[in-house]
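A.B. asks: Sequence first, predicted coordinates after that:
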Amino acid sequence: MIYAVGVLEIKSIPIGVEACDDALKSSGIRLLSAHPSCPGKYEILLTGSISDVQTALDHVQQKFGHYVLDNTLMGRIDQSVIMALMGAQPEAPHGALGIIETYSAASIIKAADTAVKTAKVEIVDLRLSRGMGGKGVVMLTGEVGDVTAAVEAGSDYAIRQGLFSSKSIMAAPHAELWEHL
């Protein structure tokens, strides 16, 4: 069972690998993902109890602070966000389409979590930084009002963090577009 998710973005790949190793050795956590990302960053996703994940994040911040670009701890993360992170989200119905783009992986995960907890929407896709210049993007679907509320809530989170890039809401995307998302 996943209790909490911690995300670290390190601005150096070698230091990122070292920070990941130190995080894993600092507390009883598990590694969900660790990989280089654009542009020359290293992303680490950790899971475990809230206190263990917080201990690992604090340890990395203390030891590698000037290399840490972004980090976040999310307790009680919505199951649909976890599924999307693992690439296992179910086929979502085609309703309105809302898209949020941020400047970091950590901020898009939190924006996605905020969005799905705000309104009745489903995640179509959640992408973290690879091939996108370090940005993150989440695509949501549902009724127009729900998608609008979710996109606004997720975007507001990213704006408050100073990591918002852009957003879009389409009431009725063309059927052919859905085939390519």
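C.D. replies: Everything's here; your move.

A.B. asks: okay, CA-based contacts and neighbour counts for the rest of this
C.D. replies: Noted.

A.B. asks: Tell me if I am right that residue 70 is in a helix.
C.D. replies: No: for residue 70, which was evaluated using DSSP: H, G, I helix; E, B strand; the rest coil, the result is strand, with no helix membership.

A.B. asks: isn't it right up against residue 104?
C.D. replies: Yes: applying Cα atoms under 8 Å, one finds residue 70 in contact with residue 104, separated by 7.4 Å.

A.B. asks: shared neighbours of the two, anything?
C.D. replies: residue 9 (Cα atoms under 8 Å, 6 or more residues apart in numbering).

A.B. asks: More neighbours: which of the two?
C.D. replies: In this view residue 70 and residue 104 are compared by other Cα atoms under 10 Å, and residue 104 has more residues nearby, 25 against 19.

A.B. asks: quick one: the strands in the chain?
C.D. replies: Assigned by DSSP state E, the chain shows strands spanning 4-10, 30-37, 41-48, 68-75, 96-102, 121-128, 136-142, 164-170.

A.B. asks: Could you export these as JSON lines, including mean pLDDT and distance to residue 158?
C.D. replies: Conversion of the strands of the chain to JSON lines gives the following (pLDDT from 0 to 100; distance: least, Cα to Cα, whole Å):
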{"stretch": "strand 4-10", "mean pLDDT": "90", "distance to residue 158": "15"}
{"stretch": "strand 30-37", "mean pLDDT": "87", "distance to residue 158": "20"}
{"stretch": "strand 41-48", "mean pLDDT": "89", "distance to residue 158": "18"}
{"stretch": "strand 68-75", "mean pLDDT": "88", "distance to residue 158": "12"}
{"stretch": "strand 96-102", "mean pLDDT": "96", "distance to residue 158": "7"}
{"stretch": "strand 121-128", "mean pLDDT": "90", "distance to residue 158": "15"}
{"stretch": "strand 136-142", "mean pLDDT": "94", "distance to residue 158": "11"}
{"stretch": "strand 164-170", "mean pLDDT": "96", "distance to residue 158": "5"}
